[in-house]
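**Q** Okay, predicted coordinates and the sequence, questions at the end:
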Amino acid sequence: MKRQRKVLSISLPPEIAREYEKLAQKEIKNKSQLFREMFSLYKEKALKEEFFKIQKYGSTTTRKKGILKEKDVEKIVFSGR
């Protein structure tokens, strides 16, 4: 049977390690659960930042090209179909 988890090792400064352990106890989670949760939140944040970056690029580009309304975008998108 294939293993469902992979063991990782990380090193932390002692103070951060103590804070991490305290946080896990406070949240009533083991350190692995807490890490998985923290990692998921980090990924979600990174995806949101990427989305807003792309959205800003699109907004800037459309303004530069004089595309100001959603109807203009639809016209361009559907004109080639």
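**A** Thanks, I have the structure now.
**Q** Quick check: buried residues in whichever strand or helix holds residue 17?
**A** Element membership for residue 17, per DSSP states H and E: helix 14-26. Buried positions in helix 14-26, judged by neighbour count with 16 or more other Cβ atoms under 10 Å: 20, 24. In this view, the C-beta of every residue, glycine as well, is placed from N, C-alpha and C.
**Q** What are the buried residues along the helix of greatest length in the chain?
**A** Longest helix in the chain by number of residues (criterion: DSSP state H): helix 31-64. Of all the residues in helix 31-64, those buried under the rule 16+ other Cβ under 10 Å are 34, 62.
**Q** Skip ahead from it and say which helix or strand is next.
**A** Defined by DSSP H and E, the subsequent element after helix 31-64 is helix 70-79.
**Q** Can you report how many residues neighbour residue 29?
**A** Residues contacting residue 29 under the criterion other Cβ atoms under 10 Å number 14.
**Q** same question, residue 78
**A** Residues near residue 78, counting by other Cβ under 10 Å, number 8.
**Q** ok, now how distant is it from residue 61?
**A** Residue 78 is 19 Å from residue 61, where distance means Cβ to Cβ, to the nearest Å.
**Q** hmm, back to that, send the alpha carbons of the helix holding residue 17 over as PDB?
**A** Taking Å, rounded to 0.1, in the frame of the first residue of the first chain, the C-alpha atoms of helix 14-26 are listed here in PDB:
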ATOM      1  CA  PRO A  14      13.800  28.300  19.000                       C
ATOM      2  CA  GLU A  15      11.400  31.200  19.700                       C
ATOM      3  CA  ILE A  16       9.400  30.600  16.600                       C
ATOM      4  CA  ALA A  17       9.300  26.800  17.300                       C
ATOM      5  CA  ARG A  18       7.900  27.600  20.800                       C
ATOM      6  CA  GLU A  19       5.300  29.900  19.400                       C
ATOM      7  CA  TYR A  20       4.300  27.300  16.800                       C
ATOM      8  CA  GLU A  21       3.900  24.600  19.500                       C
ATOM      9  CA  LYS A  22       1.900  27.000  21.700                       C
ATOM     10  CA  LEU A  23      -0.400  27.900  18.700                       C
ATOM     11  CA  ALA A  24      -1.000  24.300  17.900                       C
ATOM     12  CA  GLN A  25      -1.900  23.600  21.500                       C
ATOM     13  CA  LYS A  26      -4.200  26.600  21.600                       C
END
